[in-house]
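**Student:** I would like to see how this sequence folds:
(chains A, B, C and D)
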Number of protein chains: 2
Amino acid sequence: MEHRTMSEAAAAHIHEMIITGELEPGQPIRLIDLAQRLGTSPMPIREGLRKLESLGIVEIIAHRGAWVRELDLDDFRDTTATRLTLETIAVRQAAQRFDDVAAAASRTALDQLVAAVEAGDAVGARAAHTEFHFAIYGACGSRWLPRAIEPVWRNSERYRFGTHFTAEHLERTRREHERILQACIAHDEETAASAFTEHLTTAAERIESGMLARQGRRPSGASAP
Amino acid sequence: MEHRTMSEAAAAHIHEMIITGELEPGQPIRLIDLAQRLGTSPMPIREGLRKLESLGIVEIIAHRGAWVRELDLDDFRDTTATRLTLETIAVRQAAQRFDDVAAAASRTALDQLVAAVEAGDAVGARAAHTEFHFAIYGACGSRWLPRAIEPVWRNSERYRFGTHFTAEHLERTRREHERILQACIAHDEETAASAFTEHLTTAAERIESGMLARQGRRPSGASAP
DNA sequence: GTCAAATATAGTTGATCAAATCTGGTTGGC
DNA sequence: GCCAACCAGATTTGATCAACTATATTTGAC
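**Tutor:** Below is the predicted model of the structure:
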C-alpha cells in the first residue's frame, strides 16, 4: 500500500498534478471536480489541499476556494537565494558530522536517482533527488533546519520540473551530486559547501535562462504543461 | 468575528492550550473529547491539528491519533541554535533595506508588547512579541525566509512560556528589542545582528537554567502515553 | 506461556445540510 | 438618461452526522 489514508494519496496526487502542470498556476481548484476525478469525496481533497497550503504550493481563502500559487521570476530568484543560504549551512554542518548511516542513505538515493534518470522516470527521479539532498541535510545535527528548508525546496521543485535537461546537463548534475557526497564523507566542509553552491547556482542559471526564453516567446502568458 | 472558520478557531484554541500547558507534552489528543469541549464536530479539530502538525507542535499518526510533541533540553538547544542561524540572517538583510513601513509596523508591535506586559496579558504579549520580530523579518526582502523561520519560532514559543520573567528581565528584554529596532532603522547591519544575537542568547540561557532547575527538582521528567 | 480470534475504541471517509460568496439584473437617486 | 447601490438566484465551500475501517486490547484455546 502506497499511502496510509485517502488524504495522503490525495495530497500526493494533487502535488504531482501541480508539478507536472496538469493543474496550472493561478487556476482555481474545485473540490467537487477533483473529488470526482480522484474517485473520493471532497473531504480527503480538502485535507490534502491543507497540507499543500502549509508547503506554500497552494493558497486557500476561506469560503472562496483554493488556487495553485503563481510562479514568476522574482519568486524563483527569492526561492533560489533562500535555498542557497539555508542549504549551504545544512551541508556545512552535515559535512562536519557525516556518519556511515548518512553515507549509506545518500548513496542509495543517488543510485536510485541515476537509475530513474536512465529509465526516464521523472517522478522517481524527483523523489530520489529530494531523498538524496535531505539525506545529507538530515545529517546536519538539527531536526529543525531540514524542516525549515522543506517548503522552500518544494517550491523550487516546481520550477525545476518545467526545465528541459540535456544529456550533458544530466551528466554534469550527476558529477556535482557525487562531488558533494564525497566531500561530506571526507568531512571536507569547505569543498562540500562550494560544491553545493556551484551545483545550485548552475542549475538555477539554467532554469532562469529557460524561463527568460519562454517569457520572450510568450510575453503575456503563464506556464505550460 | 475573530476567526473566519471553525478550523481556524480550533487551531488557535488548541495552540493556546498547548502553550499554556492545558494540553501536556506527550499527551494524546482525543478528537471527540476536544470536539465536545470546543462545541464542534471532530472535523474542524482535525483540520486545526493538521495546521499545528505543519508547525511541528503536534504529531499525527494515521489511524492512531495526535500527540503534543515532547519538549526536552536537546530540542530546546536545537531550536535555539537554528533560530540563531536563520533569524540573524533575516535581521541582517532586514537592516539593509529597512523602510518606513517596516519601521511603523515593528514600532506599533513593540508598543503593544510593552502595553500587554504592563497589563499582565500573557496571550497579547506573546502575539505582539511574534508580531514585532516578524515585522522585522518581513522586511528582509524574501518571502521564503520568514516562512522557513516560522515553525522554529513556534516551537521556541513553547519553551518561552513556561519560564518566569522578573521585572528586571522584562525591562532588559524591552531595551534589547528597542536596540534591535533602532539599529534596523539606522540600517546598521552589524549592530542589529549583534543586538539580536545577544537578545536571543541571553533569553535562551535564562530559559535553559529554568529548565535545568526544574529538571533537578523532578528527576524523572515528563509523562508517557 | 504464546498465539490467534473476537471485541472495543478511535480515526477516517462519505453523504447531507447550512452558510458564505459571487453574478446578473433591477430599482432608486441624481 | 446614466450611474450606483441593492437584492435574489446560483454556486461553492464549510460543518455535521452517520457509517466504515484500521488499530489496540482482551479473552480463550492450545
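**Student:** from now on I want contacts and neighbour counts done on CA atoms only, so please keep to that.
**Tutor:** Will do.
**Student:** what residues does chain A have near DNA strand C?
**Tutor:** On the criterion Cα under 7 Å from any atom of the strand, DNA strand C has as its neighbours in chain A the residues A:Thr5, A:Met6, A:Ser7, A:Glu8, A:Gly39, A:Thr40, A:Ser41, A:Pro42, A:Met43, A:Pro44, A:His63, A:Arg64.
**Student:** which among those residues gets closest to A:Glu131?
**Tutor:** The closest of those to A:Glu131 turns out to be A:Glu8 (Cα to Cα; 18.3 Å).
**Student:** which residues touch that closest one?
**Tutor:** Contact partners of A:Glu8, counting by Cα atoms under 8 Å, 6 or more residues apart in numbering or on different chains, are A:Gly48.
**Student:** name the helix or strand for it, please.
**Tutor:** Taking DSSP states H and E as the definition, A:Glu8 sits inside helix A:6-20.
**Student:** and A:Ala66, by the same measure?
**Tutor:** Counting by DSSP H and E, A:Ala66 is part of strand A:65-68.
**Student:** and after that strand, which helix or strand comes next?
**Tutor:** Towards the C-terminus, the helix or strand next in line after strand A:65-68, according to DSSP H and E, is helix A:73-97.
**Student:** who does that next one touch, helix- and strand-wise?
**Tutor:** Applying 3 or more Cα pairs under 8 Å, 6 or more residues apart in numbering or on different chains; DSSP states H and E, one finds that helix A:73-97 makes contact with helix A:122-137, helix A:144-161, helix A:167-185, helix A:189-217, helix B:144-161.
**Student:** centre of the chain versus it, how much separation?
**Tutor:** Averaging C-alpha coordinates over helix A:73-97 and over its chain gives two centres that are 13 Å apart (Cα atoms, centre = their mean, to the nearest Å).
**Student:** state the number of residues packed around A:Glu168.
**Tutor:** Using other Cα atoms under 10 Å in any protein chain shown, the number of residues around A:Glu168 comes to 9.
**Student:** likewise A:Ala186?
**Tutor:** The local packing of A:Ala186 (other Cα under 10 Å) involves 15 other residues.
**Student:** of the residues of chain A next to DNA strand C, closest to B:Leu73?
**Tutor:** A:Glu8 (32.4 Å).
**Student:** please name the nearest non-neighbouring residue to the residue nearest the centre of chain A.
**Tutor:** The residue at the geometric middle of chain A, judged as the C-alpha nearest the mean C-alpha position with Cα atoms, centre = their mean, is A:Glu157 (3.1 Å). Distance criterion Cα to Cα, 6 or more residues apart in numbering or on different chains; nearest residue to A:Glu157, sequence neighbours excluded, is A:Ile19 at 7.5 Å.
**Student:** in chain A, what residue is nearest chain B?
**Tutor:** A:Ala148 (4.5 Å; Cα to the nearest Cα).
**Student:** who's in contact with that residue?
**Tutor:** A:Ala148 makes contacts with B:Arg147, B:Ala148, B:Ile149, B:Pro151, B:Val152, as judged by Cα under 8 Å, 6+ apart.
**Student:** quick one: pLDDT of the second one?
**Tutor:** What the model reports as pLDDT for B:Ala148 is 98.
**Student:** picking that back up, which helix or strand lies directly C-terminal to the helix holding A:Glu8?
**Tutor:** Per DSSP H and E, helix A:6-20 leads on to strand A:28-29 as the next helix or strand towards the C-terminus.
**Student:** now do that following strand: distance to the chain's middle.
**Tutor:** With Cα atoms, centre = their mean as the basis, the mean position of strand A:28-29 lies at 22 Å from the chain mean.
**Student:** before we move on, what about stretch A:133-141?
**Tutor:** Computed by Cα atoms, centre = their mean, the separation of stretch A:133-141 from the middle of its chain amounts to 15 Å.
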